[in-house]
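how would this look folded up:
(2 chains)
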2 protein chains.
Amino acid sequence: MSELALAAFAAATDAHLVGVPRSTRFASFAQTFDAGAELARLQTLGFRFVARSDARFPPLLRAIHDPPPGLFLRGEAEVELLARPAVAIVGARACSAYGRQIARALGRDLAAAGLVVVSGLARGIDAEAHRGALEGGGTTVAVLGCGIDRDYPAAHRDLAREIARTGLVVSEYPPGVEPAPWRFPARNRIVAGLCAAAVVVEARERSGALITADFALEEGREVFAVPGEITSALSAGANALLRLGATPLTGAGDVLESYGLEHVAAAVRKVGAAATSVLARVREGAAGADELGRRTGLGAGELAAALTELELAGAVHVEDGIYRASG
Amino acid sequence: MSELALAAFAAATDAHLVGVPRSTRFASFAQTFDAGAELARLQTLGFRFVARSDARFPPLLRAIHDPPPGLFLRGEAEVELLARPAVAIVGARACSAYGRQIARALGRDLAAAGLVVVSGLARGIDAEAHRGALEGGGTTVAVLGCGIDRDYPAAHRDLAREIARTGLVVSEYPPGVEPAPWRFPARNRIVAGLCAAAVVVEARERSGALITADFALEEGREVFAVPGEITSALSAGANALLRLGATPLTGAGDVLESYGLEHVAAAVRKVGAAATSVLARVREGAAGADELGRRTGLGAGELAAALTELELAGAVHVEDGIYRASG
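Predicted structure coming up:
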């Protein structure tokens, strides 16, 4: 299994390697590399390795111009999960309440419709997309820029564990490899490579999510961008993608349509008359309670009751005191 | 001057007429129509009429498939103003603070760069675009769906007067014609027809601004749409236009580029260190003072001082307690 040796050599030399290098250094490394012992180490850790030459290696990822030698896998799902129709959801780590809400709702709706949601386990948009997918009862795949034993970032250890329960945590790096800045763009090519489409929810200009979008575009995958206010720096990257020709995403249905899937809208529980009128005002644009009081003319008590009713029904989300209609 | 007779006949019969009808009714109307008396009446009112056959009739408007017989004009500007490079800025009447701010800033920046800003004198986006253009020291044209003596809506009487001081208020309807619902879509074709490009700032689905955009697309004019949050019904129309292929507008420079003009950014006054740090946080997304306090870690007094400094410098706008970076 020369790909396992290649993966180990790349990790040991901090190199980005696609094919076997014609160096004496690799030749001597391969001669002493004990594949059996490495596979035994993986098994002890509860991990697996799927080589690029393996028929089960995800075909879309094999098709990119620099596929990794193989993927290390952690989690309960079969490797075939990686060959199922998948969508990448990526974006800013320090995202806004708007971005968080959209990423969560997209993760939920796309996973519920049967797509595998792929992201990078980072803070912000990535984590919300994974959480949404789990909420939606679907499966999700986290691609790491370090070994799959690293739990990076540390705050997402429990999330990684939950993802692994029904999905997979994957990496091209063997267990033990520490995160390093140059590994994140490399990781992003795998996020994009596993998916027929990538969604950029919220991203600054010149950010990692745009690198993922670039990889997707280069490989001929569809790129969706979520429109946002042009006065928000956090939407500058997504809006710039729209100018470059990305498809505007206005709802989960837009993505599902491109996969030939149907959108099953979440059933909205019936709410009372006051709540219905408040919901109509919230749909006009995100607003705080004061502003909603002015828009609806309701008293503070009645408004608070209506907002609570809408939150319980899943029709509005609140964050930092700003109410938004659910995506 | 048969076009004046045609315009008068169309108004008298509530008809949308482009060419001379082959009816005995028009023939008898034309026979008794006193063009000289009508011109004298216009002159008394301080108005003018430019017929479609007049060499000074705006060429872009003449090129649409159903140009009006002529235009009635009110204002100090020469009719040649209507042949200058112009841009339509349109959108919702009941717009949000975001839409208001963008319309105002676009009107200002595009007019300051030399474009004539054309809109419909309606509440909301239209009025902000006109006001911005006047603020920018440029000229603006209001196209009415009623006679140019009507001051419709009444709340915009002063605005119409201000527009007329340096620009024009125009209509295909003779003085005295009252506003009627069917005249507004007809008016929108003139707004679009006068301009090489139309900008939709904020619009609901199935709204008047989208009719203007449709006219512009049909006539092969460029259509820009301002991206907005996909959870806001007020941005649903603009985001839907993006899906249909409209050009995303992320700043005045995008429009100016398509006219071959350069964007002269307004000079931003220098502000202190605290204000600079607050501005960076506001640029991350619209937020209230509480949220900005959390984002910046500044005390309430220091934050309030910084926000006042930024408002005076024109770097941020506040509405309904929500601060936004200036467009």
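
Let me see the contact set for whichever residue of the stretch 201-327 of chain A sits closest to chain B.
Nearest residue of the stretch 201-327 of chain A to chain B, counting by Cβ to the nearest Cβ: residue A:227, 3.4 Å away. Quick note: C-beta positions are derived from backbone N, CA and C, even for glycine. For residue A:227, the contact set (Cβ atoms under 8 Å, 6 or more residues apart in numbering or on different chains) comprises A:235, A:238-239, A:242, A:248-250, B:227-230, B:235, B:239, B:242, B:248.

which element is residue A:130 on?
In this structure, residue A:130 is located in helix A:125-135 according to DSSP states H and E.

Report the mean confidence score over that helix.
Here helix A:125-135 scores 98 as its mean pLDDT.

Leaving out sequence neighbours, find the closest residue to the residue of the stretch 201-327 of chain A closest to chain B.
Nearest residue to residue A:227, sequence neighbours excluded (Cβ to Cβ, 6 or more residues apart in numbering or on different chains): residue B:227, at 3.4 Å.

Quick check: pLDDT value at the one you found.
98.

Is it in a helix, a strand, or coil?
Recorded secondary structure, residue B:227: coil (DSSP: H, G, I helix; E, B strand; the rest coil).

confidence score at residue A:182?
Note on residue A:182: pLDDT of 89.

how near is the closest residue to chain B within the stretch 1-150 of chain A to residue B:287?
Nearest residue of the stretch 1-150 of chain A to chain B: residue A:96, at 4.3 Å (Cβ to the nearest Cβ). Look at residue A:96 and residue B:287: by Cβ to Cβ, to the nearest Å, they are 9 Å apart.

before we move on, what about residue A:41?
49 Å.

Heading C-terminal from the top helix by length along chain A, find the next helix or strand.
Secondary structure of chain A per DSSP state H: the longest helix is helix A:97-112. Toward the C-terminus, helix A:97-112 is succeeded by strand A:116-119 as the next helix or strand (DSSP H and E).

So residue A:141 belongs to a strand, correct?
Yes: assessed by three-state DSSP, residue A:141 belongs to a strand.

correct me, but it touches residue A:84?
No: between residue A:141 and residue A:84 there is no contact under Cβ atoms under 8 Å: 9.6 Å.

Can you pull the residues of the stretch 1-150 of chain A lying near chain B?
Residues of the stretch 1-150 of chain A lying close to chain B (Cβ under 8 Å from any Cβ of the partner chain) are A:94, A:96, A:98, A:101-102.

how about those residues in CSV, adding pLDDT?
Output for those, formatted as CSV (pLDDT from 0 to 100):
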residue, pLDDT
A:94, 93
A:96, 94
A:98, 96
A:101, 96
A:102, 97
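
Now, of these, which are buried?
By neighbour count, with 16 or more other Cβ atoms under 10 Å in any protein chain shown, the residues of the stretch 1-150 of chain A next to chain B hold A:96, A:98, A:101-102 as buried.

I'd like these as CSV, with distance to residue A:18 appended.
Below are these laid out as CSV (distance: Cβ to Cβ, whole Å):
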residue, distance to residue A:18
A:96, 37
A:98, 38
A:101, 38
A:102, 35
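
Provide the contact partners of stretch A:203-216 at residue level.
Here stretch A:203-216 makes contact (Cβ under 8 Å, 6+ apart) with A:64, A:88, A:90-92, A:122, A:125, A:184-185, A:188-189, A:191-193, A:195, A:197-198, A:200-201, A:222-223, A:225, A:233-238, A:240-241, A:246.

got the contact list for the residue nearest to residue A:50 when sequence neighbours are not counted?
The shortest distance from residue A:50 to any non-neighbouring residue, by Cβ to Cβ, 6+ apart, is to residue A:79 (4.9 Å). The neighbourhood of residue A:79, defined by Cβ under 8 Å, 6+ apart, consists of A:48, A:50, A:54, A:56-57, A:73, A:168.

Quick check: the farthest pair among the residues you listed?
A:54 and A:168 (14.9 Å; Cβ to Cβ).

For these two, indicate the residue with more neighbours.
The residue with more neighbours, out of residue A:54 and residue A:168, is residue A:168; 25 against 14, by other Cβ atoms under 10 Å in any protein chain shown.

Could you check the pLDDT of the more buried one?
pLDDT at residue A:168 comes out at 98.

before we move on, the earlier item: ok, and the closest non-adjacent residue to the residue of the stretch 1-150 of chain A closest to chain B?
residue B:285 (4.3 Å).

can you pull out the helices in the stretch 151-300 of chain A?
Under the criterion DSSP state H, counting those that start in this stretch, the stretch 151-300 of chain A contains helices at A:157-166, A:183-193, A:208-218, A:236-243, A:252-258, A:273-282, A:289-296, A:300-312.

Throw those into CSV and include mean neighbour count, thanks.
CSV is the format used below for these (neighbours: other Cβ atoms under 10 Å in any protein chain shown):
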stretch, mean neighbour count
helix A:157-166, 16
helix A:183-193, 23
helix A:208-218, 23
helix A:236-243, 24
helix A:252-258, 19
helix A:273-282, 19
helix A:289-296, 17
helix A:300-312, 17
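
Let me have those helices in JSON lines, extended by distance to residue B:310.
Converted to JSON lines, these look like this (distance: least, Cβ to Cβ, whole Å):
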{"stretch": "helix A:157-166", "distance to residue B:310": "38"}
{"stretch": "helix A:183-193", "distance to residue B:310": "34"}
{"stretch": "helix A:208-218", "distance to residue B:310": "28"}
{"stretch": "helix A:236-243", "distance to residue B:310": "19"}
{"stretch": "helix A:252-258", "distance to residue B:310": "37"}
{"stretch": "helix A:273-282", "distance to residue B:310": "28"}
{"stretch": "helix A:289-296", "distance to residue B:310": "21"}
{"stretch": "helix A:300-312", "distance to residue B:310": "31"}
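
phi, psi of the residue nearest to residue A:227?
As for residue B:227, its main-chain torsions (degrees, to the nearest 10) stand at phi -60, psi 150.
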